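Colleague: below is the sequence, then the predicted model.
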Amino acid sequence: MVVDTEIATSEAPLGRPRTLLVGTLFATCATVMLFGALFALYMSVRNDVLAWGAEWFPEGSIELKPAGSLMSTFAISAVTMAWAHYSSTHGDRIHGYIALSLTALLGIAAINQTVFYFNDMNLPIDYSVATTFLYVIVGAHMVATGVAVLWIGLVLLRAFGGQIIGRHQDLVISVSIFWYAVVGLYTFIWLFIYVAK
Amino acid sequence: MTDTSLETGDPTAIERVATSTDANILGRYWLTTGTFALLMSLVAGVLVSLERFEFDGSQIFGSADEFFQFWSAHRVGLVLLAVLPMLLGLGIAVAPAQVGSSCLVFPRMAAFSFWTWFTGAGITITGFLIDGGLGSPNAGGQREAVALTLMGLLMVIGGLIGSTISLLTTIMAARVPGLTLKRIPLFSWTLLVSGTIWILSLPVLAANILLVYVDLRGRPAVRFGMEDAIWEQISWISTHPQIYAFSLPLIGIVFDILPVSLNTRLKRHDVILVLTGFFGVVSFGAYAQTFFDTPGTPVMSEALYVVQAFAAAILVFAVFGGVAETLRFSILNRGAASRNRVPPPMVLSLLALLLLLIAVLGGALRVIGSLDLLNTSATGAQMTLTMGATLVGTMAGVFWWSEIIFHKKAFQGLGFLVGLSTFLAALIIGVCDFLSGFLGQSDFTGSSLVAAGSPKDPVGLFNTVAVVGSCLFLFSCLGWICIAFKRPAVATSSADTWGGHTLEWSADPLVIEVASDRPLLDLAEREEAES
C-alpha cells in the first residue's frame, strides 16, 4: 500500500497545530448545521400548522417522563465527559478510562431509552408531518450519538495503548467537543419537541 | 512504502488507485470524475435546450415528467457532480502546497470522502436514468428510483463535506511558521471562506434530502416526499445567493495568477481578503427555501434576499477595482522585468471574473420586484453564468498550476481556446435565457406554451441561440477532455514556469522565511538587492 503522506505526517514537527481539534470543530459545525436546519424547518412547519388551528402531536401521545429521564442521562454523560477531559489533561490514566467508559455506557443507555420511548409512543411515522419530523430528528440524533459512542470506543482503544496523555490529549478533547454538541442537541430536542410539543 | 507493502508484496494498479491518499492524486481524481460528470450534465443540458425549441408538445422527451427529470439532472449535475468537485479537486491539489504542507490533513478521510462521493455520484446518475430523479410535476417517476437518487445525493453531500473538512483543516492547521491567515495565498483564503460556507450549507441540503427520503420511503408521503414537492425543497442549492458560494474561489485564482503574470506585487492583499470574506457571507443561501414560505411573506421578497443580491454585485465590482489597480500598477512600473506576452491562464481568469460580474448583475436585476423575473428563466441564466464563470476559472487554475498537479506543462494555447469557448458558451446561454426571462419564459418551461409562461415572440429566437450555446458548451467539455488525455510535446524544464510568488512554487517551503503574502517574491527581491 502506498501511503507516502503518512510518512510525511509522522515526520512533522511536534509543535504542529492541533489538526484533530480543528477538524473536529469543522465536523461538529456541520453536524450542528444539519440539526439546526431540521429544527428550523420543524419550527416553521409547526408554526404554520398551529396558525391554522390544527393539532400538531396527538393529545397525550408524548409523555414527558421518559424524555426527562433521557435528558438526565445525557446531562450525567456531560459530567463524565468533563471528568475524562480533566483526567487526560492531568495525566490520570485510570480515571480517564473509567470516565470514558462511563460516558460510552451512558450513550448506549440513551440509545436504548430512545428505542423504548418510541415503542411506548407507538406513533406511526406517516401519521402526520409532525411525526415524520419527530422520527427524522430523533433518528438522526440517535445516529449522532452512535457515532460519538464509536468515537469514544476508538479513543479508549488508543488510551489502553498508552496514548491518552501528552500530545494525544487532543483525542479526548476532540471527542468531548462532539459529545457536548450531541448533548446540546438533545437539550434542544427535549425543550422544543418533547416539552413544547 | 510502509511495512504493509513489505508483507503483502507490491500493490496492484487497482489497490494503488483505491488506496492512494496523496493530495495530488486525489485532486486529479476529483478533476477527472468531475469532468465526466460535467459531460453528462451538459448532454442533459443540450437535450433540455433542444426540447425548448418549440412549445408544441414533447419533441425529445416522452412527457413533461421526463423533461423535468433531465432538467433537474442538468442543474444538480452541474453544481454537485461537476463544478464543485472540480473546484475541490483543484483546491486539494494546490492548497496544501500553497500553505507549505507536504500533504492533506486526514488523508485517509479525504480518500474515503472521494470514494463516497464517487459512489454517490454513480448512484445519483443511475437514479436519474431509471426514471427516478428529484420528483416530477405529474408524479410520473418511479418512487424507488427517486429514493435511490436521494440516497445517492446524500452520499455525494457526505463526500463533499468530508473532503472539505480535510482541506479546510489543512489550510487552518498545517501552515508553515510565519504564514498567518493574513498572509496565505488568496486561492487558499477563498477556499477557506467558501469551504466554511459549504460546511454550513451542505448539511442543510442533507437535512432537506433526509426529510424527503424518510417521507418518501415505503409509505404514502405526507408532505415532503410528494414527487411534485421534492425539487422545490432542494432547488435553493442552485440559485441565488447560494450559487455564489461555489464561485468564490475563482476570485482567489484571479489574484494568485494576475500579480505573477504581471510580475508585480498585489498592493491590496488585505482588502481582497476582506472583500472575499464579505462575499462569502453574502453567499450563504440555505435559508432561502421557498417551499417553507410562510403565506404572505415569501422569502424571495424579504429584505435580506434582495440585499444579498446587490451586495454581491457591489463586492464583485470592488474586486474588479483590485484587478484594475494591479493592472495600472503594472503598467506604471513596466520595465525590463515585465513579461513579453500575457499568459493564457491570466486572460482566462479575467474572463471568468467578467462572467461572474455579469452573473451577479443579473442576480441583482432578478430580485427587483417590478421586473418580475424571480420565477423566469433568468434564474437558470444566473446559474449558468455563475457556474460557467467558476468552470472557466477552474480551467485557468488547472492550466496555471498544471506542473504542480500533473507534473507536466499544459497545452496553454489549446487550453486557452477551450476556456474561451466555455466562456462564450456560458455567456450565450446566460444572456439568451436572461432575455427570455424578461419576455416571460418560465424557469421550467414544461413542454407546452402554457407551461412555459406563454412568453412573447422573440423567445423562440433566443431559445434557438441558446441551443447553439449548449452545443458549444458540450464541445468545450469534449475539448477539455482531449487536452487532459493528450500527452505533452515538451517535457517540463522547471517546476516554476511562471516565477511564482507563493509557496507552492518552492521546492522546499520549510526553508523559506515567510514575512509577507509573497515569500518567494521577497526572496527574489532580497537576492537582487544583494547582488
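Modeller: Thanks, I have the structure now. Numbers count the residues shown, from 1 in each chain, chains lettered A, B, ... in the order given.
Colleague: tell me what the stretch of helix or strand B:L424 belongs to is packed against?
Modeller: If you go by DSSP states H and E, B:L424 is part of helix B:412-438. Applying 3 or more CB pairs under 8 Å, 6 or more residues apart in numbering or on different chains; DSSP states H and E, one finds that helix B:412-438 makes contact with helix B:344-366, helix B:378-400, helix B:459-485. Every C-beta, even on glycine, is put in place using the N, C-alpha and C of the backbone.
Colleague: what's the closest non-adjacent residue to residue 40?
Modeller: Went with chain A since none was named. With sequence-adjacent residues excluded and distances taken as CB to CB, 6 or more residues apart in numbering or on different chains, A:A40 is closest to B:Y287, at 7.9 Å.
Colleague: you answered for a different chain; I wanted chain B.
Modeller: Distance criterion CB to CB, 6+ apart; nearest residue to B:M40, sequence neighbours excluded, is B:G77 at 6.1 Å.
Colleague: likewise for B:G159?
Modeller: Distances taken as CB to CB, 6+ apart put B:W117 closest to B:G159, at 2.6 Å, once the chain neighbours are dropped.
Colleague: so who does that neighbour touch?
Modeller: Taking CB atoms under 8 Å, 6 or more residues apart in numbering or on different chains as the contact definition, B:W117 lies against B:P85, B:M155, B:V156, B:G158, B:G159, B:L160, B:S163.
Colleague: and it, how far from B:A13?
Modeller: Distance, B:W117 to B:A13, using CB to CB, to the nearest Å: 21 Å.
Colleague: surely B:V465 touches B:A425?
Modeller: No. The criterion here is CB atoms under 8 Å, and B:V465 misses it with B:A425 at 11.2 Å.
Colleague: between these two, who's got more neighbours?
Modeller: Each of B:V465 and B:A425 has its neighbours counted (other CB atoms under 10 Å in any protein chain shown); B:A425 has more, 27 against 16.
Colleague: hmm, stretch B:133-152 touching chain A?
Modeller: No. Using CB under 8 Å from any CB of the partner chain, stretch B:133-152 never reaches chain A; the gap is at least 13.0 Å.
Colleague: just the buried positions in that stretch, please.
Modeller: The neighbour-count check on stretch B:133-152 (16 or more other CB atoms under 10 Å in any protein chain shown) flags B:133-137, B:140-141, B:143, B:145-152 as buried.
Colleague: averaged pLDDT, the one helix or strand A:V182 maps to. What do you get?
Modeller: Assigned by DSSP H and E, A:V182 belongs to helix A:169-188. Mean per-residue pLDDT for helix A:169-188: 94.
Colleague: please apply the same query to stretch B:178-198.
Modeller: pLDDT averaged over stretch B:178-198 gives 95.
Colleague: cool, stretch B:96-113 as well?
Modeller: Here the average pLDDT along stretch B:96-113 is 94.
Colleague: and the residue nearest to B:M172 when sequence neighbours are not counted, how far from B:I165?
Modeller: Of all residues not flanking B:M172 in the chain, A:V22 sits nearest, at 5.0 Å (CB to CB, 6+ apart). Distance of A:V22 to B:I165, computed by CB to CB: 9 Å.
Colleague: quick one: which of those two has more around it?
Modeller: Neighbours were counted for A:V22 and for B:I165 using other CB under 10 Å; B:I165 has more, 26 against 21.
Colleague: and A:S128, what's its pLDDT?
Modeller: With respect to pLDDT, A:S128 scores 90.
Colleague: what's the burial count for it?
Modeller: Residues near A:S128, counting by other CB under 10 Å: 19.
Colleague: who's in contact with it?
Modeller: Per CB under 8 Å, 6+ apart, neighbours of A:S128: A:W56, B:V222.
Colleague: again, only this time at 7 Å
Modeller: A:S128 makes contacts with B:V222, as judged by CB atoms under 7 Å, 6 or more residues apart in numbering or on different chains.
Colleague: for it, grab phi and psi.
Modeller: phi -160, psi 180 (degrees, to the nearest 10).
Colleague: now swap in B:T294 and tell me
Modeller: Here the main-chain torsion angles of B:T294 (degrees, to the nearest 10) amount to phi -80, psi 130.
Colleague: would you agree it is in contact with A:V45?
Modeller: No. Contact criterion CB atoms under 7 Å: B:T294 and A:V45 do not qualify, at 10.0 Å.
Colleague: for A:M1, give me the pLDDT.
Modeller: With respect to pLDDT, A:M1 scores 40.
Colleague: so where do the helices sit in chain A?
Modeller: Counting by DSSP state H, chain A has helices at residues A:4-10, A:19-51, A:64-89, A:93-121, A:129-160, A:169-188.
Colleague: deepest-packed of those, please.
Modeller: Among the helices of chain A, ranked by average contacts under mean count of other CB atoms under 10 Å in any protein chain shown, first place goes to helix A:169-188 (a mean of 21).
Colleague: pull it out as PDB, backbone CA atoms only.
Modeller: Extracted in PDB, the C-alpha atoms of helix A:169-188 (Å, rounded to 0.1, in the frame of the first residue of the first chain):
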ATOM      1  CA  GLN A 169      -4.900  14.800  24.800                       C
ATOM      2  CA  ASP A 170      -6.400  16.200  21.600                       C
ATOM      3  CA  LEU A 171      -8.200  12.800  21.100                       C
ATOM      4  CA  VAL A 172     -10.100  13.300  24.300                       C
ATOM      5  CA  ILE A 173     -10.700  17.000  23.800                       C
ATOM      6  CA  SER A 174     -12.000  16.400  20.300                       C
ATOM      7  CA  VAL A 175     -14.400  13.600  21.300                       C
ATOM      8  CA  SER A 176     -15.600  15.700  24.200                       C
ATOM      9  CA  ILE A 177     -16.400  18.600  21.800                       C
ATOM     10  CA  PHE A 178     -18.500  16.300  19.700                       C
ATOM     11  CA  TRP A 179     -20.100  14.800  22.800                       C
ATOM     12  CA  TYR A 180     -21.100  18.100  24.200                       C
ATOM     13  CA  ALA A 181     -22.600  19.000  20.900                       C
ATOM     14  CA  VAL A 182     -24.700  15.800  20.900                       C
ATOM     15  CA  VAL A 183     -25.800  16.600  24.500                       C
ATOM     16  CA  GLY A 184     -26.600  20.200  23.500                       C
ATOM     17  CA  LEU A 185     -28.700  19.000  20.500                       C
ATOM     18  CA  TYR A 186     -30.600  16.600  22.700                       C
ATOM     19  CA  THR A 187     -31.400  19.600  25.000                       C
ATOM     20  CA  PHE A 188     -33.000  21.300  22.000                       C
END
